[in-house]
Every structure is written in C-alpha cells, then in structure tokens.
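Colleague: structure for this input, please:
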Amino acid sequence: MSQVDKIIPNPFNMNPIIAIDEEIPQWAAENNSTASPIAVADCSGDNGFTARMLRDGLHPNDEGDKLIASQVGPLLVRFVKDVLAERKDVTDTDNADDE
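Modeller: This next block holds a predicted model:
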C-alpha cells in the first residue's frame, strides 16, 4: 500500500497547497489498484490543521504532530497488519504444500 498525505498549510502561500490538496484524492482514486492500493491521509487545513499548529510558520509543533499522527497512524497500522496477514497466508499455503 502506498500512502499519500494532503499537504499541511503554509501561511505564506496557500493557493498552490490548496490546488495540490484538491487533486490528491482524484489522483489516488485513478492510480489505486488491488496490486498497489493507495490510501490518503488528510493532514490539510480542511481536516483542522491550522497555522497555530506550526512551530516556526512551516514545520508542525506538538499539536500539529498529533493531528498528523491521528491521520497517518491508522493507515500505517492497517498497512502493517495487511502485510503481516499476507505473509501469514503465504506461509500457511507453503506449509500446506509441504504436507
């Protein structure tokens, strides 16, 4: 599984970020496949990320990190579980073939 994150706000120039964030879901849907699934984490202003979550006007502070973790974390956990389940299925199949 691939993961794409919407971009966190940049108070200096939001127009390019908004334009990219608006394109990400469609791009992900067009490129998603069973063989190569794509998940989108919404770390954008649309999901509550604000300029006050930036420690220096560009990089996230603790509050911003928490929002990012709340969006990215569950997708990563799902990805790891899916990979482990696939490996278990392959191992179980290999062991069944040996019997």
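Colleague: got a list of what the residue most central in space within the chain touches?
Modeller: In the chain, the centroid-proximal residue (CA atoms, centre = their mean) is residue 41; its distance is 3.6 Å. Listed by CB atoms under 8 Å, 6 or more residues apart in numbering, the contact set of residue 41 reads 3, 4, 5, 6, 68, 71, 72, 75. All C-beta spots, glycine's among them, are computed from the backbone N, C-alpha and C.
Colleague: packing partners for the lengthiest helix in the chain?
Modeller: In the chain, with assignment by DSSP state H, the single longest helix is helix 62-98. Applying 3 or more CB pairs under 8 Å, 6 or more residues apart in numbering; DSSP states H and E, one finds that helix 62-98 makes contact with strand 2-5, strand 38-41.
Colleague: turn those strands into TSV, including distance to residue 19.
Modeller: Below are those laid out as TSV (distance: least, CB to CB, whole Å):
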stretch	distance to residue 19
strand 2-5	15
strand 38-41	16
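Colleague: hang on, the earlier thing: closest one to residue 81 out of the contacts of residue 41, please.
Modeller: Using CB to CB, residue 75 is the member of those that lies nearest residue 81, at 10.8 Å.
Colleague: I'd guessed the closest one sits against residue 3; true?
Modeller: Yes: the pair residue 75 and residue 3 qualifies as a contact (CB atoms under 8 Å) at a distance of 5.5 Å.
Colleague: give the residues shared as contacts by these two.
Modeller: By CB under 8 Å, 6+ apart, the residues touching both residue 75 and residue 3 are 39, 41.
Colleague: packing partners of the strand or helix carrying residue 26?
Modeller: Residue 26 belongs to helix 14-31 when assigned by DSSP states H and E. Applying 3+ CB pairs under 8 Å, 6+ apart, we find helix 14-31 packed against strand 2-5, strand 38-41.
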